[in-house]
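Enquirer: Here's my sequence, what's the structure:
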Amino acid sequence: MTDSTSKPILYSYYRSSCSYRVRIALNLKNIDFTTQAVNLLKNETSSEEHKKLNPKGEVPVLIIDGKTLAQSLPIIEYIDETHSFKPRLLPEDPFKRYQARMISEIIASGIQVFLFLPISFHSFSLKPLQNLSVLKRVGEEKKVAWAHDFIKIGLDAVEKALEESAGRYCVGDEVSIADCCLVPQLYNARRFNVDLTAYPLMTAIEERLSALPAFTDAHPDRQPDFPGDGNQKS
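Expert: Got it, this is the predicted structure:
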């Protein structure tokens, strides 16, 4: 176990939306951290070593302040609450905080929706939509179309929410947890060939966010485990 003075360690996969959003939050708070790459394609999250950190066998895991944290949204909330200076990722205004959480939940629990997929007659697995293990079960030929349809449903809901909440960013003119979630989701939407022309609000927000170093430095292509050859299949 690390002590509270150790440099934070983020167990991350470069293309994981959940890892991506935590990287953005750490950068926004100027928290210097070390990346420990975990290769999902090699099933490294199922190792006994990783399951000691997260028994559910997922990324991200953040070791910070002598504590081991899992699940991206609670991690971001912890970061914001323990580094209570601007940008406040959870807005101080209660309604804006609700809006930021609501948009984040649409993305994290709606687009990366949890659903039951049959493994056998008596066995079911609860997994997120964009989780690699789910997409492998769907099959190579169907996974793009299947993910495409569910992502579009979720993005429709986000765009509608932004009609009420958006300013320069997702909620008003300050970066929030919603922005941390939006940019990784749009990255994955493009991977699944979703046409984003129907979403002018979110793509305009994404363009503004993409000019911020906290977001550019968190991009998958800039991570130590980025393969660089574009040959990895997800």
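Enquirer: Assign residue 90 to helix, strand or coil.
Expert: When classified by DSSP: H, G, I helix; E, B strand; the rest coil, residue 90 comes out as coil.
Enquirer: per-residue confidence for it?
Expert: With respect to pLDDT, residue 90 scores 98.
Enquirer: My guess is it contacts residue 175. True?
Expert: No. Under the criterion of C-beta atoms under 8 Å, residue 90 makes no contact with residue 175, lying 11.3 Å away. Placement of C-beta: from N, CA and C, glycine included.
Enquirer: Neighbour count: those two, which is higher?
Expert: Each of residue 90 and residue 175 has its neighbours counted (other C-beta atoms under 10 Å); residue 175 has more, 26 against 18.
Enquirer: Leaving out sequence neighbours, find the closest residue to the more buried one.
Expert: residue 87 (4.5 Å; C-beta to C-beta, 6 or more residues apart in numbering).
Enquirer: Quickly note the distance from that neighbour to residue 177.
Expert: Residue 87 sits 10 Å away from residue 177, going by C-beta to C-beta, to the nearest Å.
Enquirer: what sits in contact with each of residue 90 and residue 175?
Expert: Contact criterion C-beta atoms under 8 Å, 6 or more residues apart in numbering; residues shared by residue 90 and residue 175: none found.
Enquirer: re the thing from before, between residue 87 and residue 177, who's got more neighbours?
Expert: Taking neighbours as other C-beta under 10 Å, residue 87 and residue 177 compare with residue 177 leading, 31 against 17.
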